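Peer 1: sharing a sequence plus its predicted fold:
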Number of protein chains: 2
Amino acid sequence: MLDLRPVFFVVGLMVAALGLIMFIPMFVDMYHDGLSWRGFGISGILSFLFGVSMALANYTPKPDLGARGAFLLTVSSWVALSAFASLPFLMEPIGLSITDAIFEATSGITTTGSTILTGLDHMPRGVLLWRAMLQWIGGIGIIVTAMAILPMLKIGGMQLFRLESSDMGEKILPRAASIAMAISLIYLGLTILCTVLYMVVGMSGFDAIAHAMTTLATGGYSTSDASMGGFMDQGADLVCIAFMMAGGMPFGMYLLMTRGDFKAPLRDPQVRAFVGIMISLIALVTLGLWAGSEYSAAEGASFWQALRLSAFNTVSIVTGTGYATTDYNSWGPFALGAFFVFMFIGGCAGSTACSIKIFRYQVAFEALRAYLFKMPRNHAVSPLRYGGAPLPESVVFSILSYFFLFFLTFAVTAIALSFIGLDPITAWSGAGSAVANVGPGLGEIIGPAGTYQSLPASAKWVLMTAMIVGRLEIITALVILNPAFWRT
Amino acid sequence: MLDLRPVFFVVGLMVAALGLIMFIPMFVDMYHDGLSWRGFGISGILSFLFGVSMALANYTPKPDLGARGAFLLTVSSWVALSAFASLPFLMEPIGLSITDAIFEATSGITTTGSTILTGLDHMPRGVLLWRAMLQWIGGIGIIVTAMAILPMLKIGGMQLFRLESSDMGEKILPRAASIAMAISLIYLGLTILCTVLYMVVGMSGFDAIAHAMTTLATGGYSTSDASMGGFMDQGADLVCIAFMMAGGMPFGMYLLMTRGDFKAPLRDPQVRAFVGIMISLIALVTLGLWAGSEYSAAEGASFWQALRLSAFNTVSIVTGTGYATTDYNSWGPFALGAFFVFMFIGGCAGSTACSIKIFRYQVAFEALRAYLFKMPRNHAVSPLRYGGAPLPESVVFSILSYFFLFFLTFAVTAIALSFIGLDPITAWSGAGSAVANVGPGLGEIIGPAGTYQSLPASAKWVLMTAMIVGRLEIITALVILNPAFWRT
Ligand SMILES: [K+]
Ligand SMILES: [K+]
């Protein structure tokens, strides 16, 4: 029998907490602009009261979550937080439609960063701060989910990253809380460091805090329509590159480093591959840009300029951050091809980055290497290994299934968008961008210079669904859609 | 030790046989046009002499092929036949460049059907017949490969279709020959039936033979620039729908039927799914077309017209035939989205159709169903089944690996084309069309109304490689590219 009370209890507590933190943008807005504070106050009170009531109504002395409860909690908490986080966007002076408000909140909390807002430079600061906070919370939320919950649920090979003594059962919640605390401190520390460096290169305190939050979260919401492009003069893009990379690293590695294990990054196969792949891709894009585009030698651009633009935009897309410094739609076909594919790489497991992620490619290639070796010989090879440890068959199976499901989700999303009437570039890049939580797509409409505002409401709902499914590693969301899940 | 002599011996015989059949278009051309017969004669003599010399030089009294030899034979025979089949295209009056000639031959023999020729209606009949013959030979070639060789090599789940007593070893060649004979007779019979029906609906004898060959082969080369669109008046498109479907069915099923087992189609899970999927997709496209396009009710088109166009083009793309009756680029975004995705479905295993194929989706979904059921419960389900028989884990693994490799090959091809400078629609649809052996892509350039003529030579070589890799179920080709394959 599936007991829903513990699920509702925890979701209630989360919604109440979300309500409380809405008072932060309220106070900031009162102090600065005095325009949007009422909306945040009302939304905060509503969310807090609703959340507390929900928690109280479902209180059980000994909550027993279990595997099905953990699945349900994971999915419903992201959906509920997206819904309540949208309340301030519904209120004056922003006054978005319900679809647009939920889109903006979902895109924020999943760290996708697709926006339907323009005129960011003149928005009340409360609203800008709220968008940044949503991504920041979504970022830490996914790290905790990925480290404490998904390995136990054996989602898409995440069981590779199971920490010692993380067994199934009643210990899920206390364990999640203990990991959450340590990781949150690291996350906070990195965000403060990033804020300081943004201020050093000339951002205002407010812009620095907001961008640091969305950089570490690999989220990509900005306080300016020009995104990071408006802050390049003194080198904010270089700070940003460093901290997007930091956000794409496994936070378990930082945990080991704070315990004195400074060689942890060198030992971690996904970190080594992540850095290596990034350097190769930056070199490739730089070459393409320098060889023939508006930033080529022939057009008088310096090599440094081509390298800097390539590095920023490559890191931004591969980590799934989605900031822009320039409209790379004009870089020519090679850039469109490259950036479309880069969306499907992703960062490390246990980071704020989304998409397929490095370790899944590593495992798939290891399995294929052995498979291609074995076939013409009809005898087995030595057992598969990942990072020095043997690789169980069940993990390889999970990961290959994940690839299948990822591309299926991507294709279904793109077809749905095509049927709604979007042109192929918008439909396919928008679908990829949503499932991989990147943010911008390609083309005129949703490219780095556009917004999602003009899309039909149905397309926005398709994209929101894709964002949540993608953020929860696809399988988590699909499991609860399986009718068999609900049978006793 | 890998003995290459048996491989060269068989490839030599194949090239010699190819040379001999070049005399057929030579005689047809002598009789009809008198323009291109010299080219066919010279090419035939060259191919025959080269092939016979190669076979004699590598003759061994007891040829022992083995698994590695079978891989190598499969890949090298397709490459060698493509190369020699291009000779007539190099000669007057066609006089193509080497790249274009090999492209046209490779596209023919892999049954892809992408063409670089225009002005088909005024081509010498020898050339038109040769293009049709290449596809016809390629079609029977892939059926025999898929039935007699790939199951033994355990390529991408094809071991599901292993016939009784098809063990590894020296019996590969005689067994392939015996299957080839029975299947060839069925293939010939269906081709004759199709020819007669094409003549009944008004095609000339020559057009009927040429189109019957490329219909059964799901190849798509036509004798007219208007493709099947020029023969619609009396209903040639309806005959074509029936025989494209026939080409996409498993030929093993026909073999059972000739032995009196007329319920074989009803028992075969992939045949049932193939027909069901096709009906659903036709309904979907008809709806889209009828709801809003130039063929909608509002524009005065009849429902029958919308249904007929939808059925023809859907069957043409899903089976990977690639004939066109109209330029569906103008049908709106929904059609572009649909036809792009349809390319990745394919027909049944053991047919002339290419792409991923129905049974792989069935197995992947069966595996996922069990996986999604198992995960929240932590206990196993009843063993996986396909078509009533248990599904070994190794087959599921092969098939999931196949999906990964297919999309990897597709993406690598598309990126390569993007870097060469093709626009995204041309690059992505061209890559999909080549890997899935469909033929036409989307967009102005390579869409149903265009040709591959204007692409740069480098793009043509990328596409040819993709065609051969796709035709050989990806894995067969990748195995021999693995350096470990060549180690003793
Ligand atoms: K993002
Ligand atoms: K074809």
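Peer 2: That came in fine, so what should we check first? Ligands and ions are numbered 1, 2, ... in the order given.
Peer 1: which parts of the stretch 251-400 of chain A are helices?
Peer 2: A:251-258, A:264-267, A:269-291, A:303-318, A:333-342, A:358-374, A:393-420 (DSSP state H, counting those that start in this stretch).
Peer 1: check which residues of the fourth one are buried.
Peer 2: This means helix A:303-318. A:306-318 (16 or more other Cβ atoms under 10 Å in any protein chain shown). In short, each C-beta sits where N, CA and C put it, glycine included.
Peer 1: take those and write them to a markdown table, including distance to ligand 1 and pLDDT.
Peer 2: Output for those, formatted as a markdown table (distance: Cβ to the ion, whole Å; pLDDT from 0 to 100):
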| residue | distance to ligand 1 | pLDDT |
| --- | --- | --- |
| A:Ala306 | 24 | 87 |
| A:Leu307 | 23 | 91 |
| A:Arg308 | 21 | 91 |
| A:Leu309 | 19 | 90 |
| A:Ser310 | 19 | 91 |
| A:Ala311 | 18 | 93 |
| A:Phe312 | 14 | 94 |
| A:Asn313 | 13 | 92 |
| A:Thr314 | 14 | 94 |
| A:Val315 | 12 | 95 |
| A:Ser316 | 9 | 94 |
| A:Ile317 | 9 | 93 |
| A:Val318 | 11 | 94 |
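Peer 1: stretch A:115-132 near ligand 1 at all?
Peer 2: No. Stretch A:115-132 stays clear of ligand 1 (Cβ under 5 Å from the ion), getting no nearer than 10.6 Å.
Peer 1: mind saving the C-alpha coords of that stretch as CSV?
Peer 2: Extracted C-alpha coordinates of stretch A:115-132, given in CSV (Å, rounded to 0.1, in the frame of the first residue of the first chain):
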residue,chain,number,x,y,z
THR,A,115,12.9,33.3,-20.3
ILE,A,116,9.8,34.9,-21.5
LEU,A,117,10.7,38.3,-20.1
THR,A,118,12.3,41.2,-21.9
GLY,A,119,13.3,44.6,-20.5
LEU,A,120,15.3,42.9,-17.7
ASP,A,121,17.4,45.9,-17.2
HIS,A,122,14.4,47.9,-16.0
MET,A,123,12.8,45.1,-13.9
PRO,A,124,12.2,45.6,-10.2
ARG,A,125,15.2,44.1,-8.3
GLY,A,126,12.9,41.9,-6.3
VAL,A,127,11.9,40.1,-9.5
LEU,A,128,15.5,39.8,-10.8
LEU,A,129,16.6,38.5,-7.4
TRP,A,130,13.7,36.0,-7.3
ARG,A,131,14.7,34.6,-10.7
ALA,A,132,18.3,34.2,-9.5
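Peer 1: in contact with the closest residue to A:Met30 other than its chain neighbours, which residues?
Peer 2: Among residues not flanking A:Met30 along the chain, A:Trp37 sits closest, at 4.5 Å (Cβ to Cβ, 6 or more residues apart in numbering or on different chains). By Cβ atoms under 8 Å, 6 or more residues apart in numbering or on different chains, the contact set of A:Trp37 is A:26-27, A:29-30, A:126.
Peer 1: with A:Val479 instead?
Peer 2: A:71, A:485, B:372, B:375-376.
Peer 1: where does the stretch 351-488 of chain A have low pLDDT?
Peer 2: A:377-382, A:488 (pLDDT under 70).
Peer 1: which residue does it have closest to chain B?
Peer 2: A:Ser418 (2.4 Å; Cβ to the nearest Cβ).
Peer 1: mind checking how far the nearest residue to that residue once chain neighbours are set aside is from A:Asp423?
Peer 2: Distance criterion Cβ to Cβ, 6+ apart; nearest residue to A:Ser418, sequence neighbours excluded, is B:Gly337 at 2.4 Å. Here B:Gly337 is placed at a distance of 10 Å from A:Asp423 (Cβ to Cβ, to the nearest Å).
Peer 1: which of these two has more neighbours?
Peer 2: B:Gly337 (27 against 17; other Cβ atoms under 10 Å in any protein chain shown).
Peer 1: most surrounded residue in the contacts of A:Trp37?
Peer 2: A:Gly126 (28 neighbours).
Peer 1: name the element that one belongs to?
Peer 2: Taking DSSP states H and E as the criterion, A:Gly126 maps to helix A:125-144.
Peer 1: that helix to helix A:251-258, inter-axis angle?
Peer 2: Between helix A:125-144 and helix A:251-258, the angle comes out at 80 degrees (axes from the mean of the first three to the mean of the last three Cα atoms, to 10 degrees).
Peer 1: in PDB, list the C-alpha atoms belonging to the next helix or strand after helix A:125-144.
Peer 2: Remark: after helix A:125-144, the chain's next helix or strand is helix A:150-153, criterion DSSP H and E. Included here for helix A:150-153 are C-alpha records, laid out as PDB according to Å, rounded to 0.1, in the frame of the first residue of the first chain:
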ATOM      1  CA  LEU A 150      18.900   9.100  -7.300                       C
ATOM      2  CA  PRO A 151      21.700   6.600  -6.500                       C
ATOM      3  CA  MET A 152      19.400   4.700  -4.200                       C
ATOM      4  CA  LEU A 153      16.600   4.700  -6.800                       C
END
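Peer 1: Serialize the contacts of A:Trp37 to JSON lines and add fields for pLDDT and secondary structure.
Peer 2: Converted to JSON lines, the contacts of A:Trp37 look like this (pLDDT from 0 to 100; DSSP: H, G, I helix; E, B strand; the rest coil):
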{"residue": "A:Met26", "pLDDT": "92", "secondary structure": "helix"}
{"residue": "A:Phe27", "pLDDT": "90", "secondary structure": "helix"}
{"residue": "A:Asp29", "pLDDT": "86", "secondary structure": "helix"}
{"residue": "A:Met30", "pLDDT": "85", "secondary structure": "helix"}
{"residue": "A:Gly126", "pLDDT": "90", "secondary structure": "helix"}
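Peer 1: take the residues you listed and write them to a markdown table, including distance to A:Ser302.
Peer 2: Conversion of these to a markdown table gives the following (distance: Cβ to Cβ, whole Å):
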| residue | distance to A:Ser302 |
| --- | --- |
| A:Met26 | 46 |
| A:Phe27 | 45 |
| A:Asp29 | 42 |
| A:Met30 | 46 |
| A:Gly126 | 41 |
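Peer 1: any regions of the stretch 51-200 of chain A where pLDDT drops low?
Peer 2: Looking at the stretch 51-200 of chain A by pLDDT under 70, you get A:63, A:162-176.
Peer 1: get me the contact residues on it for chain B.
Peer 2: A:67-68, A:71, A:153-155, A:168 (Cβ under 8 Å from any Cβ of the partner chain).
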